[in-house]
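Visitor: coords please:
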Amino acid sequence: MKFDIDFNHFDDKNNTREFYEFIGAKWTNLNPDYGYYEIELNSFEELAELMKKINQKILGKKFGYSAVVNFEAGMGTIYLDDKC
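Guide: Now for the predicted structure:
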């Protein structure tokens, strides 16, 4: 399943093109005014591995970021958050 992936807090210092490329997300440009990063996951195990990769990249060996998965009409959304 394809997911829109983004930080829950848009001002997170890790919210960069390089970060999304590191986790394997692709930029989807729907039109000149709107686009988003998309990632494809086939299981909760893949989501768990993705979160390990994110935490190791951002925080070293610690865990801090968690996935907030929101299923709206159409594609699901994964928000990343270390503020909760």
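Visitor: Am I right that residue 6 is in contact with residue 80?
Guide: Yes. At 7.2 Å, residue 6 counts as touching residue 80 under the criterion of CB atoms under 8 Å. In this view, the C-beta of every residue, glycine as well, is placed from N, C-alpha and C.
Visitor: what about the closest residue to residue 47 other than its chain neighbours, how many residues close to it?
Guide: For residue 47, ignoring the flanking residues on the chain, the nearest one in space by CB to CB, 6 or more residues apart in numbering is residue 41 at 5.4 Å. Neighbourhood size, residue 41 [other CB atoms under 10 Å]: 20.
Visitor: next one: residue 54
Guide: With other CB under 10 Å as criterion, residue 54 counts 22.
Visitor: In terms of secondary structure, what does the host helix or strand of it contact?
Guide: Using DSSP states H and E, the element containing residue 54 is helix 44-59. Packed against helix 44-59, as judged by 3 or more CB pairs under 8 Å, 6 or more residues apart in numbering; DSSP states H and E, are the following elements: helix 17-23, strand 66-71.
Visitor: Mind doing that once more with 10 Å?
Guide: Packed against helix 44-59 by the contact rule (3 or more CB pairs under 10 Å, 6 or more residues apart in numbering; DSSP states H and E) you find strand 2-7, helix 17-23, strand 34-40, strand 66-71, strand 76-81.
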